[in-house]
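Student: here are the coordinates; sequence isn't available:
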């Protein structure tokens, strides 16, 4: 049971008290500590943090690329972490697809687009015959705005934006119900970003998809995500609906992350003061956990901090209502 | 464009590259003056030529590229008359220094941090080893390295990305350059580190009194750092003005497109505005306005004749036929007109910039 469950929504992915530990010789490093959240069917759930915060590690744990050292991950109510039968493993791969950050690095340079896109079909024999496979590839390419004649070309012949579309086509062709997008637009130009975001939104509507969106840029997330989790040093410090998070950023880390993102407005930018995050004010003890402060809004705090956050929230609510 | 102290003046610059028997025109006749002490931001998509443009100031074009036309005036001489690397050494690093995007690749991995800073001081200022070390440590402190004396003998891999970028800045400043070119200096860094580095460059520019040329595609960074903004598209500057003018009173449809495709301005549940298509190939001869095929406001003349720069104010110019008196009146898109209001909504009232 995760803390952020709402009755009327169907939980698609459930990450329950997950730890991920990396071992280097005798040294152990816990990259993710007690990650605990649900993703509902049909929503876009964003995981935001700096590099090294463990956001990609969680994503990789969900698609079974990283082993978890504690907790459990469920997909459609079924456990998908730990040892699985071959059938179950294939079921996971088929239903959860990933879009990677760098479209240049995630496509096989030596394979044609035709092969890149149909690789998943080959692996799982998801086509009846050659004709069927071609039909599926054409469909996927057409969905992302590429032409069938592009099939015989190689990844290097495409621009960054086009390559990212190929990455999306590759995920789409598997007809997944859940897509993890790991910084899908970070490597793209401003004018292309909007195209790719629109495309992803379109698929979400048409194909009943659920996204987990990993990003370091909160401003993109505000537009794109339904709910946002902020992660710092392997720990989720705040989860809230997108609008809510921007209105009431409670955890000091969320605050400093929001402030650090440069806004495209000279007047605002030039007036702002950067407040670096100072973790020493936070209490971390046995009682530290995510607590619900407003409906659906969770903040990581210890017993002794409850009062502090309550005052802070009341203050914010007062400013907003004024 | 005004009679202020012009530190660098570019006239009719054209740069061509030979790529497998074909000729690519990367810079298509740019003229621009850089005012001393100002922060100029050059904005554009990748491939628009913003890096190539500034590389010509220090003679750092790749082997297959050459300035085919134009002049660059700096301190009373035309830099285009410099023919060999020896001549460029007087300028490059010494007078005009560059901070590159990726701090991982711009430092030598097998030399200590201290050595790499001191090396520059010894070479360009002719100081002794001990003096250079002293100055290097001071510089390291200036750019915010704690325990600089202890960290002097460490290697780049022992530094984090943000720290490495600080070292690269220290190296660039070692010769007290007149101009600092920052080529996407924070793109590879985290947002919180980015904010620190931006601050650092700003503070140092006041202390050392250098002119900053900032290359970036991030309009948020531009809003923060710039006094003057130049927007580049397909090897040309298409709009040029003070930062407020470009953000609040943009005139070129491409600038409108860039601003309105910002996810920050997007309304939830609505489609983001996206500039359709892709930039033109610079291998081909471009006829008329390079942006015309992607421009929803394109006029018939855009496909035939290249627009000149139209003056909006003394400091604000845009290269679009829409400013011609004969052109039909066109309102900028809503997102651009309401930019400031939308941003205020986003940031005020307990939002992003609330101090809590």
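Tutor: Right, received. Where do you want to start? The structure presented is a predicted model; accordingly, all values stated were derived computationally and were not measured.

Student: Quick one: low-confidence residue ranges for the chain.
Tutor: All of this refers to chain A. Scanning chain A for pLDDT under 70 picks out the ranges A:1-8.

Student: Can you look at chain B instead?
Tutor: In chain B (pLDDT under 70), the answer is B:1-3, B:348-356.

Student: Chain A: strands as residue ranges?
Tutor: A:11-24, A:27-40, A:44-48, A:70-75, A:78-79, A:96-99, A:178-182, A:210-215, A:227-232, A:235-241, A:289-294, A:297-301 (DSSP state E).

Student: Could you do chain B as well?
Tutor: B:6-19, B:22-35, B:39-43, B:65-74, B:77-78, B:96-99, B:179-183, B:211-216, B:228-233, B:236-242, B:310-311, B:317-318.

Student: Mind checking these for the one nearest to residue B:53?
Tutor: Residue B:53 sits nearest to strand B:22-35 of all those, at 5.7 Å, using C-beta to C-beta. To be clear about C-beta, it is placed using only N, CA and C from the backbone, and glycine gets the same treatment.

Student: and that closest one, anywhere near chain A?
Tutor: No - on the criterion C-beta under 8 Å from any C-beta of the partner chain, strand B:22-35 is out of touch with chain A, staying 15.1 Å away.

Student: Could you spell out the sheet neighbours of that strand, each with its direction?
Tutor: strand B:6-19 (antiparallel) (DSSP bridges).

Student: Could I get the buried residue list for the strand it pairs with?
Tutor: B:7, B:8, B:10, B:11, B:13, B:14, B:15, B:16, B:17 (16 or more other C-beta atoms under 10 Å in any protein chain shown).

Student: Just send the strands of chain A back as TSV, with mean neighbour count and distance to residue B:55 too.
Tutor: Listed next are the strands of chain A as TSV, based on neighbours: other C-beta atoms under 10 Å in any protein chain shown; distance: least, C-beta to C-beta, whole Å:
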stretch	mean neighbour count	distance to residue B:55
strand A:11-24	18	41
strand A:27-40	19	39
strand A:44-48	25	35
strand A:70-75	18	48
strand A:78-79	13	55
strand A:96-99	24	33
strand A:178-182	24	32
strand A:210-215	24	31
strand A:227-232	25	38
strand A:235-241	24	42
strand A:289-294	17	50
strand A:297-301	23	47
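
Student: could you check the distance from residue A:224 over to residue A:119?
Tutor: Distance, residue A:224 to residue A:119, using C-beta to C-beta, to the nearest Å: 27 Å.

Student: So for these two, which residue has more residues nearby?
Tutor: residue A:224 (24 against 16; other C-beta atoms under 10 Å in any protein chain shown).

Student: and the more buried one, what is it in contact with?
Tutor: Each residue near residue A:224 by C-beta atoms under 8 Å, 6 or more residues apart in numbering or on different chains is listed here: A:44, A:46, A:197, A:200, A:201, A:213, B:263.

Student: if you set the cut-off to 7 Å instead, what comes out?
Tutor: A:44, A:197, A:213, B:263 (C-beta atoms under 7 Å, 6 or more residues apart in numbering or on different chains).

Student: Residue A:108 contacts residue A:114, correct?
Tutor: No - using C-beta atoms under 7 Å, residue A:108 is not in contact with residue A:114, being 11.6 Å away.

Student: Counting neighbours, go ahead and name the busier of those two.
Tutor: residue A:114 (18 against 11).

Student: Does chain B have contacts with stretch A:45-58?
Tutor: Yes - with C-beta under 7 Å from any C-beta of the partner chain as the measure, stretch A:45-58 is seen reaching chain B through A:50, A:51.

Student: related to what we said a few turns ago, out of the buried residues of strand B:6-19, which is nearest to chain A?
Tutor: Using C-beta to the nearest C-beta, residue B:17 comes nearest to chain A of the buried residues of strand B:6-19, at 17.7 Å.

Student: What number of residues are in the vicinity of the residue of chain A found nearest chain B?
Tutor: As assessed by C-beta to the nearest C-beta, chain B sits closest to residue A:262 within chain A, at 3.0 Å. If you count neighbours by other C-beta under 10 Å, residue A:262 ends up with 25.

Student: Leaving out sequence neighbours, find the closest residue to the residue of the stretch 151-300 of chain B found nearest chain A.
Tutor: Residue of the stretch 151-300 of chain B nearest chain A, by C-beta to the nearest C-beta: residue B:220 (3.0 Å). Nearest residue to residue B:220 in three dimensions, chain neighbours excluded: residue A:262, at 3.0 Å (C-beta to C-beta, 6 or more residues apart in numbering or on different chains).

Student: got a list of what that neighbour touches?
Tutor: A:269, B:218, B:220, B:221, B:223, B:224.

Student: switch to 8 Å and redo it
Tutor: So residue A:262 contacts A:269, B:194, B:195, B:198, B:218, B:220, B:221, B:223, B:224 (C-beta under 8 Å, 6+ apart).

Student: burial measure for the third one, as a count.
Tutor: Number of residues near residue B:195 (other C-beta under 10 Å) recorded here: 23.

Student: and the gap between the nearest residue to it once chain neighbours are set aside and residue B:29?
Tutor: In this structure, residue B:195 finds its nearest non-sequential neighbour in residue A:260, 4.5 Å apart by C-beta to C-beta, 6+ apart. The spacing between residue A:260 and residue B:29, counted by C-beta to C-beta, is 39 Å.

Student: Same question for residue B:109.
Tutor: With C-beta to C-beta as the criterion, residue B:109 and residue B:29 are 40 Å apart.

Student: By residue count, what's the longest helix in the chain?
Tutor: With no chain named, the answer covers chain A. helix A:190-207 (DSSP state H).

Student: Oops, wrong one, chain B.
Tutor: helix B:191-208.

Student: What residues of that one count as buried?
Tutor: Buried, per 16+ other C-beta under 10 Å, within helix B:191-208: B:191, B:192, B:193, B:194, B:195, B:196, B:197, B:198, B:200, B:201, B:204, B:205.

Student: and the closest residue to the last one other than its chain neighbours, how many residues sit next to it?
Tutor: Distances taken as C-beta to C-beta, 6+ apart place residue B:212 nearest to residue B:205, at 5.1 Å, with adjacent residues excluded. Residue B:212 sits with 22 neighbouring residues when counted by other C-beta under 10 Å.

Student: My understanding was that residue B:212 contacts residue B:225; is that so?
Tutor: Yes - under the criterion of C-beta atoms under 8 Å, residue B:212 makes contact with residue B:225 at 7.4 Å.

Student: Please tell me how far residue A:153 sits from residue A:165.
Tutor: 13 Å.

Student: circling back to that earlier point, relative to residue B:73, which of the strands of chain A is closest?
Tutor: Here strand A:210-215 is closest among these (C-beta to C-beta), at 43.8 Å.
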